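Provided below are the primary sequence and the corresponding predicted coordinates.
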Amino acid sequence: MKKELSQFPMGEKNDKFAKYFVGQSYLAPLTFEQIPTFNVTFEPSCRNNWHIHHAKTGGGQMLVVIAGEGWYQEEGKPARKLKVGDVVNIPANVKHWHGAAKDCWFQHIAQEIPGTETSTEWLEAVTDEESEKL
């Protein structure tokens, strides 16, 4: 099933952040210059926990979908299905999660938007019940 992945490197198992994911993810740093950019790969049904990219000014995150299908959801809003070519602009200080659809792999490029006093706050997991409704 990995045949649907992009030409970007998949990277290594995302062990450093595994406690913030349900399922297996992989992380490939692409650059730390100008705008830190990473390829994140999710196995089917893998998703990250709810989280917030805090910033006093600027900040946030941008996702560019490069393979498979997935989901993005902001707190209090319906989940948005993601497919190749979709771009998600996530403002700073917005609680959200993103991850793979249940039946396919998913990859997105994640860019950390520069800002001041930036940090990521990891929160509760997206439950299997919440995920299976999608």
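Everything's here; your move.

and the helix or strand where residue 130 lies, what's buried?
Here residue 130 is covered by helix 128-132, with elements defined by DSSP states H and E. For helix 128-132, a neighbour-count test (16 or more other C-beta atoms under 10 Å) marks residue 131 as buried. For glycine as for every other residue, the C-beta is placed from the backbone atoms N, C-alpha and C.

can you list contacts of it?
The contact list for helix 128-132, computed with C-beta atoms under 8 Å, 6 or more residues apart in numbering, reads 22, 45, 47, 71, 99, 102.

I'd guessed residue 17 sits against residue 26; true?
No - look at residue 17 against residue 26 with C-beta atoms under 8 Å: they stay out of range, at 10.6 Å.

looking at these two, which one has more neighbours?
Ranked by neighbour count (other C-beta atoms under 10 Å), residue 17 and residue 26 place residue 26 first, with 20 against 14.

who touches the more buried one in this structure?
Counting by C-beta under 8 Å, 6+ apart, residue 26 touches 10, 11, 12, 13, 14, 40, 41.

can you flag the buried ones in those?
Buried, going by 16+ other C-beta under 10 Å: 10, 11, 14, 40, 41, out of these.

element containing the first one?
Here residue 10 is covered by no helix or strand, with elements defined by DSSP H and E.

poorly predicted segments of this protein, please.
Low-confidence regions of the chain, defined by pLDDT under 70, span residues 1-3.

among the contacts of residue 26, which ones are in helices?
Of the contacts of residue 26, none are assigned to helices by DSSP state H.
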